[in-house]
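J.: I would like to see how this sequence folds:
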Amino acid sequence: MASRIRRHGPPSEARDGSRRRRLPMRLLLPLLLLVALVAMLMLRGYVHSEILADHRIQPEAATDKVPEKILEGGPIIDTRSGRTTSLGVPDHRLVLTFDDGPDPEWTPKVLDVLKKHHAHAVFFVTGTMSSRYPELVKRMVDEGHEVGLHTFNHPDLSYQSKKRIDWELSTNQLAITGAAGVRTSLFRPPYSSFADAMDDKSWPVTEYIGTRGYITVVNNTDSEDWKKPGVDEIIRRATPHGGKGAIVLMHDSGGDRHQTVQALDRFLPTLQQQGYRFDNLTEALGADSALTRVSGLDLWKGKAWILLVSAADGITSVMVVGLAVIGFLVISRFVLMLLLSAAHARRVRRKGFGWGPAVTEPVSVLVPAYNEAKCIENTVRSLMASEHPIEVVVVDDGSTDGTARIVEAMGLPNVRVVRQLNAGKPAALNRGLANARYDLVVMMDGDTVFEPSTVRELVQPFGDPRVGAVAGNAKVGNRDSLIGAWQHIEYVMGFNLDRRMYDVLRCMPTIPGAVGAFRRSALQRVGGMSDDTLAEDTDITMALHRDGWRVVYAENARAWTEAPESVQQLWSQRYRWSYGTMQAIWKHRRALVDRGPSGRFGRVGLPLVSLFMVLAPLLAPLIDVFLLYGVVFGPTQKTIVAWLGVLAIQAFCAAYAFRLDKERMTHLISLPLQQILYRQLMYVVLLQSWITALTGGRLRWQKLRRTGVVEAPGGPVPTQRRRRSSSDRRPVA
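T.: Alright, predicted model coming up:
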């Protein structure tokens, strides 16, 4: 195809003179975005106890190593600075403690009841919940309650190393600091009970906690509200005997706590009438507050943590919405493709179908060529075998490899060469159009070969005077390599099945540059080929729709094109296609508010193209991101089943597309691998196109290195097949 070579600057040199390769920006930006996305997902998984959570619970052990005064002492255990002491709460003092919160539903209700009855309490909060609901922790502190550490992920610390214990404490403290601007010296171990339940497994942990500056608080009165035994039973179990003081265990999180709230509303005034006071811990002990204000760097670290967690939750929520959107788009596209392509096949294959009177008039075939020396002879010879009368106009767009001389040396009748300085493919096509003799014009690429029947099949739809352009059936000729096989699947399933669908909907977005036909009058009415975008084929197709012409698909007009054979070449081609499509959509955006044919295309065609060709591929990586996340962190089985379900739908669509195109099903063997590897490359290409568009960047044409190996099956050019060398396969630098 006619194109310009994109030249890149040389690699930078290190100070020692050695050449140093820099990571291209097209890779660096998507890589940074991927790293940030994975980091946010990991943070969200950690905060929601999906990552690094340990739900093991230590069975009861011996108590030989636990001091007797601890086993028989009070629920407040102080092992700081080598101490081994315990305390109780004075008589007629009750310290209500709530574990596992804050909970967005039940904690506010508990706080409301406490405020109503002028009572204080201690909330032993987890880091996971504090990070997610920091406003509730702040409310606790602001209303005079104390907060204590209950670890970050709620593991049984007797199973954990000192390093993990430190991590649980520090991240729990970080969350409290970020939420309320305070530090606390109170700690309650998960799965704790009375002091006499301390054993040889939990006691070393309690001792270590003291060395970190924390007082361990268990309880001596358990309401057992988590069992939901009823309001009366919760009150009975929470009430101490004989006016004694107590630390009462309750929960404001971990499930339905409506019984706890109701019991609390009756329990507080009843015991207050009996002379009890409901204080936080240090109020009950007459000690200094367990909370200290934090300022400076530590405070900002805490606030940054809360901000990151909020961002992770927000991003994940957006991703979930995006996943729902992409799921809907993917399923919708598959359903539309299957139903409408089947309708298209039934229509054009029914007995007696015709577009109108048979088209027998001669056709001008335009072949823009820029440095196509390896391909141009195959291309021209395939046209000479055409079953339809044609003239061939080869427009040499400033080639430097003798492309024009090769065609002239062939000395074939009805083949003309038009030379011009390098001006790009749109200019070459317009030059060819100006030199064409006939009203019907076929356009093809210089690396493509036609079957003998291609031109005849391509122009028959012009029997309908409403048809202004026809898209042919472009096929990958070099499908013997893995990357070629993947593109073959994409062409048959993605492009040609799509074209059947868009034909029925009358909003075909693109006539492929490899094989398309136009009325000269239609092209002239819209101003010919434009160089406003890098996808001139999409641009001209949209322009024809807006001018009121029908654009249809001719399934039997097959053309065999040479697809890129390296990742670099494929990247260059798809980058240009993606960016050019975005440019074309933007150029024709006013069709959304136009009337007549332009408005119909704007309100039907543009949204479909934007959804299925731009938005859906952009969001599609979410499927793979959540797949990987689900496989690693669960639920693994459900995740794999869901992904296999999507793959099965794609395989069914691909099989149907291959059946319509009469292709061998054996090529679909590589479909799963295509979904895992090839699709990821397309994601990054589209993302790069978005980045280029959003930053206002400009692209130039990029020339792909050709090998000249493509021929039409059964065509007249097997003698022109050249043996591929390693240099032919080498990507353009």
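
J.: use CA for all of it now, contacts and neighbours both
T.: OK.

J.: ok so S86 is a strand residue?
T.: Yes - counting by DSSP: H, G, I helix; E, B strand; the rest coil, S86 is part of a strand.

J.: Would you check that it makes contact with I76?
T.: Yes - between S86 and I76 there is a contact under CA atoms under 8 Å: 5.2 Å.

J.: who's more crowded, these two?
T.: I76 (23 against 20; other CA atoms under 10 Å).

J.: who's that one bridged to?
T.: L87, V217 (DSSP bridges).

J.: Settle this for me: it is touching L87, isn't it.
T.: Yes - assessed by CA under 8 Å, I76 is found in contact with L87 at 4.9 Å.

J.: Spit out the contact partners of the residue nearest to P621 when sequence neighbours are not counted.
T.: Counting by CA to CA, 6 or more residues apart in numbering, P621 lies nearest to Y683, which is 6.6 Å off, once chain neighbours are set aside. Residues in contact with Y683 (CA atoms under 8 Å, 6 or more residues apart in numbering) are 617-618, 620-621.

J.: repeat that with 7 Å
T.: 617-618, 621 (CA atoms under 7 Å, 6 or more residues apart in numbering).

J.: Which positions in stretch 640-653 come out as buried?
T.: 640, 646, 650-651, 653 (16 or more other CA atoms under 10 Å).

J.: whoops, stretch 598-610 was the one
T.: 598-606, 608-609.

J.: Which ones among those residues lie within helices?
T.: 598-600, 606, 608-609 (DSSP state H).

J.: Let me have the residues you listed in CSV, extended by distance to I691.
T.: Converted to CSV, these look like this (distance: CA to CA, whole Å):
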residue, distance to I691
S598, 29
G599, 29
R600, 30
L606, 21
L608, 22
V609, 19
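
J.: any idea which element the residue nearest to P621 lies in?
T.: Using DSSP states H and E, Y683 sits in helix 679-694.

J.: V455 against H388, yeah?
T.: Yes - taking contacts as CA atoms under 7 Å, V455 lies within contact range of H388: 6.3 Å.

J.: So for these two, which residue has more residues nearby?
T.: Counted by other CA under 10 Å, V455 and H388 do not tie: V455 has more neighbours, with 29 against 20.

J.: what about that one, which helix or strand?
T.: Per DSSP H and E: helix 454-459 holds V455.

J.: tell me the mean pLDDT over that helix?
T.: Taken as a whole, helix 454-459 has a mean pLDDT of 97.

J.: And for stretch 373-384?
T.: Mean predicted lDDT for stretch 373-384 stands at 93.

J.: Relative to the whole chain's centre, how far out is it?
T.: From the chain centre to the centre of stretch 373-384 is a distance of 42 Å (CA atoms, centre = their mean, to the nearest Å).

J.: Strands along the stretch 151-300 of the chain, start to end?
T.: Here the stretch 151-300 of the chain has its strands, by DSSP state E, counting those that start in this stretch, at 182-184, 186-187, 215-217, 221-222, 246-251, 277-278, 291-293.

J.: what does the last one rub up against?
T.: The one in question is strand 291-293. With CA under 7 Å, 6+ apart, strand 291-293 has contacts from 181-185.

J.: Show me the shaky parts of the stretch 551-700 of the chain.
T.: Along the stretch 551-700 of the chain, segments meeting pLDDT under 70 span 634, 690, 692-700.

J.: Identify the spatial nearest neighbour of L323, chain neighbours not counted.
T.: Closest to L323 by CA to CA, 6+ apart is L622, at 5.9 Å.

J.: I'd like to know how many residues surround L271.
T.: 17.

J.: make that R56, sorry
T.: Other residues close to R56 by other CA under 10 Å number 11.

J.: Just confirm it is within a helix.
T.: No - per three-state DSSP, R56 lies outside any helix segment and is coil.

J.: which residues does it contact?
T.: Per CA under 7 Å, 6+ apart, neighbours of R56: D156.

J.: what's the answer for E377, then?
T.: E377 touches V407, counting by CA under 7 Å, 6+ apart.

J.: and it, how far is that from V407?
T.: E377 is 7 Å from V407, where distance means CA to CA, to the nearest Å.

J.: can you check V552 too?
T.: On the measure of CA to CA, V552 and V407 end up 32 Å apart.

J.: and if you look at G645?
T.: Applying CA to CA to G645 and V407 gives a distance of 52 Å.

J.: for this protein, longest strand please?
T.: strand 550-561 (DSSP state E).

J.: chain center to that strand, what's the gap?
T.: 33 Å.

J.: which residues does Q58 contact?
T.: So Q58 contacts D156 (CA under 7 Å, 6+ apart).

J.: just W167 next, same as before
T.: Contacts of W167 by CA under 7 Å, 6+ apart: none found.

J.: again, but for the one 10 residues further on
T.: Remark: with contacts taken as CA under 7 Å, 6+ apart, T177 is in contact with 183, 299, 302.

J.: one more time with 6 Å, if that's ok
T.: 183, 302 (CA atoms under 6 Å, 6 or more residues apart in numbering).

J.: Just the pLDDT at it, thanks.
T.: 97.

J.: i'd like the first residue to be 17 from this point on
T.: Right, with 17 as the first residue, what we last looked at is T193.

J.: Give me the distance between it and F139.
T.: Relative to F139, and taking CA to CA, T193 is found at 15 Å.

J.: again with R482
T.: 76 Å.

J.: For those two, indicate the residue with more neighbours.
T.: Of the pair R482 and F139, F139 is the one with more neighbours under other CA under 10 Å, namely 29 against 12.

J.: For the helix or strand harbouring the more buried one, name the packing helices and strands.
T.: Assigned by DSSP H and E, F139 belongs to strand 137-141. In terms of contacts (3 or more CA pairs under 6 Å, 6 or more residues apart in numbering; DSSP states H and E), strand 137-141 is packed against strand 109-115, strand 162-165.

J.: To K132, which of those strands lies closest?
T.: strand 109-115 (15.1 Å; CA to CA).

J.: Next secondary structure after that closest one?
T.: With DSSP H and E, the next secondary element past strand 109-115 is helix 122-132.

J.: ok, residues contacting that next one?
T.: 268, 277, 281.

J.: any idea of the angle that helix forms with strand 262-267?
T.: 140 degrees (axes from the mean of the first three to the mean of the last three CA atoms, to 10 degrees).

J.: rewinding a little: mark which of the buried residues of stretch 656-669 are part of helices, please.
T.: Going by DSSP H, the helices hold 656, 662, 666-667, 669 from those.

J.: biggest separation within those, which pair?
T.: I656 and C669 (20.0 Å).

J.: tell me how far the ends of stretch 82-102 are from each other?
T.: End to end - CA to CA - stretch 82-102 spans 13 Å.

J.: correction: stretch 450-465
T.: 23 Å.

J.: So what touches that stretch?
T.: Against stretch 450-465 from outside (CA under 6 Å, 6+ apart): 17, 379-383, 385, 391-392, 395, 398, 529-536, 575-577.

J.: Narrow these to those in strands?
T.: Reading strands off those with DSSP E, I get 379-383, 385, 532-535, 575-577.

J.: Separate out the buried members of these.
T.: Buried among these (16+ other CA under 10 Å): 379-383, 385, 532-535, 575-577.

J.: Nearest to R516, out of those residues: which one, please.
T.: Nearest member of these to R516, counting by CA to CA, is G532, at 14.8 Å.

J.: Could you look up the SS state of the nearest residue to that closest one once chain neighbours are set aside?
T.: The shortest distance from G532 to any non-neighbouring residue, by CA to CA, 6+ apart, is to A487 (4.8 Å). On the three-state scheme (three-state DSSP), A487 is labelled strand.

J.: Same check on L48?
T.: helix.

J.: Burial check on it, number of neighbours?
T.: 11.

J.: so how far is D172 from it?
T.: L48 is 36 Å from D172, by CA to CA.
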